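[1] I need the structure of the sequence given here:
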Amino acid sequence: MPEDLPPLPSLPPASAPASRPSGSSAGPSATAGADPAGRRAQRLRWVRSVDDQLFVVVARSQQDTAEEYRQRRLRSAVVLAVGAAGLAASLRMDHASPWFPMAALAVAVVWAAGAWWSGRLHLGRVLVDGRLERPIVQPILLGLAMVGVFVAGAFLTLRIPALAAQVRDVLGFAQSGSIALLTVTTLLSGIAEELFFRGGLYAALPRPHQVWLSTVLYVVATVLTGNVMLAFAAAVLGVVTGLQRRATGGVLAPILTHVTWSLSMLHVLPHVI
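    Got it, this is the predicted structure:
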């Protein structure tokens, strides 16, 4: 059935100034005497709210009609089949081939076009200190935290030759061709995958199972590449970005986390493996 979501909560305007007692000073001396702990808390508000993008579900009133939902399911199924086949073919190509980046970009076009074809998408919002805001800083911080976990895990895989070979195979394309072109390809691929898997496809799946179903389908599409470590990374990334999609109601947070993680892994992991 289509998403049936509660209306947005009534929240105070973000720009409303705090009331002051009569006779209080608004000059520099008042600011200078502000509580340092309060200022620190304000600076750290983004860090404190990182978990909100995963577990605090923002109420929203976006929903598809029955016909729109039916169209999403049909179109998403077609795009999933075509995109998964293209992804498997592209990642099985010789990474040194000049056609490899072009094939990866072609797959990204399939995901992005499929997301657009499936229906309306939303950026989403996160609740920060009682206000609805676009999730920007929190997803980037989460992506960087994931990089740290994956780099630590990479050191462990070096002790297992079979897994180490799989990781090196994934990173093989980072050591061939133009790094600038590979960076652009990685960026566009990350955006396109999230637009489809946490955008159009996610909205086509039945509630309340979208997080795990979208993750399973993402992993299945990746497993076709034949690389176990890539499938494992897809599983972890799928769960995290799926939770972001559920909590924020949009694709902005998943996109920012995905591209932060993938670009960092592209440039950092080859130096530690």
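[2] Can you give me the neighbour number for Arg73?
    Number of residues near Arg73 (other C-beta atoms under 10 Å) recorded here: 14. In this view, the C-beta of every residue, glycine as well, is placed from N, C-alpha and C.
[3] That one touches Ala203, doesn't it?
    No: if you go by C-beta atoms under 8 Å, Arg73 and Ala203 don't touch, sitting 9.5 Å apart.
[4] the strands in the stretch 101-250 of the chain, which residues?
    Taking DSSP state E, counting those that start in this stretch, the strands of the stretch 101-250 of the chain run over residues 126-128, 131-133.
[5] nearest to Val151, of those?
    Closest to Val151 of the strands of the stretch 101-250 of the chain, according to C-beta to C-beta: strand 126-128, at 26.4 Å.
[6] What does the pLDDT read for Asp169?
    pLDDT recorded at Asp169 is 71.
[7] For it, list the residues it contacts.
    Asn227 (C-beta atoms under 8 Å, 6 or more residues apart in numbering).
[8] Roughly how far does it sit from Gln62?
    Separation of Asp169 from Gln62 (C-beta to C-beta, to the nearest Å) stands at 41 Å.
[9] One more: Ile255?
    Plainly put, Ile255 is 18 Å away from Gln62 if you go by C-beta to C-beta.
[10] of those two, who's got more company?
    Between Ile255 and Gln62, Ile255 has the larger neighbour count (other C-beta under 10 Å), namely 24 against 15.
[11] Once you drop chain neighbours, what's closest to the more buried one?
    Glu194 (4.5 Å; C-beta to C-beta, 6 or more residues apart in numbering).
[12] That neighbour: neighbour count?
    Residues near Glu194, counting by other C-beta under 10 Å, number 28.
[13] Thought Thr260 was touching it, still the case?
    No: judged on C-beta under 8 Å, Glu194 makes no contact with Thr260 at a distance of 11.6 Å.
[14] and the closest residue to Thr248 other than its chain neighbours, what pLDDT?
    Counting by C-beta to C-beta, 6+ apart, Gly124 is the residue found nearest to Thr248 once chain neighbours are left out, at 3.4 Å. What the model reports as pLDDT for Gly124 is 94.
[15] Neighbours of Pro161, how many?
    Around Pro161 there are 9 other residues, counting by other C-beta under 10 Å.
[16] before we move on, what about Leu54?
    Leu54 has 21 neighbouring residues, counting by other C-beta under 10 Å.
[17] do Ala59 as well
    Per other C-beta under 10 Å, the neighbour tally for Ala59 reads 12.
[18] from here on, count from 756
    With the count now opening at 756, the last piece we talked about shows up as Ala814.
[19] Is it in a helix, a strand, or coil?
    Under the three-state scheme (DSSP: H, G, I helix; E, B strand; the rest coil), Ala814 adopts coil.
[20] Roughly how far does it sit from Ser969?
    Ala814 is 21 Å from Ser969, where distance means C-beta to C-beta.
[21] Likewise for Leu992?
    Distance from Leu992 to Ser969, by C-beta to C-beta: 11 Å.
[22] cool, Phe910 as well?
    30 Å.
[23] Roughly how far does Ala989 sit from Gln965?
    According to C-beta to C-beta, Ala989 and Gln965 sit 16 Å apart.
[24] Please disregard the earlier target; I meant Glu948.
    Taking C-beta to C-beta, one finds Glu948 at 16 Å from Gln965.
[25] Pick out whichever of these two has more residues nearby.
    With neighbours defined as other C-beta under 10 Å, Glu948 and Gln965 compare such that Glu948 has more, 30 against 19.
[26] Test my guess that the more buried one contacts Trp1016.
    No: using C-beta under 8 Å, Glu948 makes no contact with Trp1016, being 11.6 Å away.
[27] is it true that Ala851 lies in a helix?
    No: Ala851: not assigned to a helix; according to three-state DSSP it is coil.
[28] Would you state the helices of the stretch 806-955 of the chain in chain order?
    807-810, 821-846, 854-873, 892-912, 916-926, 934-950 (DSSP state H, counting those that start in this stretch).
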